[in-house]
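Asks: turn this into a model:
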Amino acid sequence: MRWASALSQDPGTPQAVAEAVAALRRELGGERADLVVAFVSPHHRAAAADIPALVAAELPGALLVGCTGGGVIGAGHEVEERAAVSLTAAALPGVELVPFHLDTTDLPAASAPPPAWHAAIGIAPQARPKLLLLADPLTLDAGALIAGLDLAYPRSSKFGGLASGGTAPGANRLFLRDEVFRSGVVGIALSGNLRVETIVAQGCRPIGRPMLVTRCQGNVLFELDQRPPLERLSELHEALPPRDRELFRHSLFLGLEMKEDEVEYREGELLVRNLVGIDRASGAIAVGAHLKQLQVAQFLLRDARTATEDLTRLLERYRASMSVGPTGALLFSCLGRGAHLFGRPDHDTDLFREKLGEIPLGGFFCNGEIGPVGGATFLHGYTSAFALFREESRARG
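Replies: Have a look, this model is predicted:
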């Protein structure tokens, strides 16, 4: 298995693709590319219809998948608000690639049995496929897509992001094989000699102590450890240092433990969700998630320093756990991260390189990131979600 990633900032689409392909060929060292993942900035949207043919002419036989992004990541670097084309290629011996495109009308109903999803995707669950998903948030319900796939493929990892850069339905572009779509979701089901591991850095740190949800209904939280959550928040605010009190005003979230079979949880494995409403009379708060009785919950804060600490900890934990390093990686990062959050480009990609080495890394800045927390797949915001690839046989060895 071999991966390569390239980036071109040439404003001309044919020139950008040619420059990126030339770099890929050098990195692949003569290996034939089986897969090409393309992310292009909106500056290339007018010529987007030409991109599949341009790639196919230079890398014949490679399966193309990709989308537009408000910012793109290639060769381990981040480019925002400027013209850029990112191409990440892989030679994948022993790996089967099954491409699929679903529009809203093709998406099975929420109540559809798993076989309907198996037919739509084109692969059986016994293959244990890893699912790369690139969806248009303006034309498809990504939450319904993820929920359906989790039921249909419970043992499969799902990763990817929502196309960005467009502001109206039809403005984003999705690439698959020799076609360009303006709606729906494109994806690749990968099976065979491939392991995909994920890191989802949500950029938050816990404050106070973990508590139990002792009364809830739907997404409304009535009691934490048998007291109204607003009372808990008031006590917590008083105990915080000045800097955290300032963050409390605009960067407060709730973390929810998603692993029902474990008594203890690990920091960083809480699902981060927004606080969407309060009722001062009852002390209840509404959360952007369905709540469960006796679920572990903890309040969280988010800022640039916390996001750095969170990603550092997760990358170091991954490095310590791996016996064989990844061959390539994709990064799906929120539009709200990057230079907007950290004040400079390449923050997450530099940290990735520092902790894991010179691994080919491509990706884009998303309107939402797809990745697992606690064994289930979720649509995230403000995260950096990495998918790391290596051969299954080497992972076992």
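Asks: the closest residue to residue 251 other than its chain neighbours: what's it in contact with?
Replies: Nearest residue to residue 251 in three dimensions, chain neighbours excluded: residue 302, at 4.7 Å (C-beta to C-beta, 6 or more residues apart in numbering). Any C-beta I mention is one placed from the backbone N, CA and C, and that applies to glycine too. By C-beta atoms under 8 Å, 6 or more residues apart in numbering, the contact set of residue 302 is 202-205, 247, 251, 253, 272, 382.
Asks: one more time with 7 Å, if that's ok
Replies: Contacts for residue 302 were tallied using C-beta atoms under 7 Å, 6 or more residues apart in numbering; they are 203-204, 251, 253, 382.
Asks: gap between it and residue 293?
Replies: 27 Å (C-beta to C-beta, to the nearest Å).
Asks: on that earlier part again, among the contacts of residue 302, name the ones in strands.
Replies: Under the assignment DSSP state E, the contacts of residue 302 contribute 204, 253 to strands.
Asks: neighbour-wise, which of the contacts of residue 302 leads?
Replies: When neighbours are taken as other C-beta atoms under 10 Å, the top entry among the contacts of residue 302 is residue 203 (29 neighbours).
Asks: could you chop the chain up by domain?
Replies: With domains defined by automatic domain parsing, the chain comprises 2-201+308-396, 204-301.
Asks: now do the longest one: distance to the chain's middle.
Replies: Read that as domain 2-201+308-396. Remark: domain 2-201+308-396 is offset 8 Å from the chain centroid, using C-alpha atoms, centre = their mean, to the nearest Å.
Asks: quick check: mean pLDDT across that domain?
Replies: In this model, domain 2-201+308-396 has a mean pLDDT of 95.
Asks: got it, and the last one?
Replies: With pLDDT averaged residue by residue, domain 204-301 scores 89.
Asks: can you give me the end-to-end span of that domain?
Replies: Using C-alpha to C-alpha, to the nearest Å, the end-to-end distance of domain 204-301 comes out at 5 Å.
Asks: ok, longest strand in the protein?
Replies: Using DSSP E to assign secondary structure, the strand with the most residues in the chain is strand 270-279.
Asks: check which helices and strands that strand sits against.
Replies: Other helices and strands packing on strand 270-279, by 3 or more C-beta pairs under 7 Å, 6 or more residues apart in numbering; DSSP states H and E, are strand 252-257, strand 284-287.
Asks: quick one: residues in contact with the longest one.
Replies: Surrounding strand 252-257, the residues in contact under the criterion C-beta under 7 Å, 6+ apart are 204, 206, 265, 270-275, 287, 289, 295-302, 374.
Asks: buried only: go through the residues you listed for me.
Replies: By neighbour count, with 16 or more other C-beta atoms under 10 Å, those hold 204, 265, 270-273, 275, 287, 289, 295-302, 374 as buried.
Asks: helices of this protein, start to end?
Replies: Assigned helices in the chain, in chain order: 13-28, 51-58, 114-121, 142-152, 229-239, 242-250, 304-321, 338-342, 347-356, 392-396 (criterion: DSSP state H).
Asks: give the buried residues for the fourth one.
Replies: Neighbour counts using 16+ other C-beta under 10 Å place 142, 145-150, 152 of helix 142-152 among the buried residues.
Asks: what is the nearest of these to residue 178?
Replies: Residue 178 has its nearest neighbour among the buried residues of helix 142-152 in residue 145, at 23.6 Å by C-beta to C-beta.
Asks: how about the contacts made by the residue nearest to residue 256 when sequence neighbours are not counted?
Replies: Spatial nearest neighbour of residue 256, excluding adjacent residues (C-beta to C-beta, 6+ apart): residue 271 at 4.8 Å. If a contact means C-beta under 7 Å, 6+ apart, then residue 271 has 255-256, 258, 289, 373-374, 378 as its contacts.
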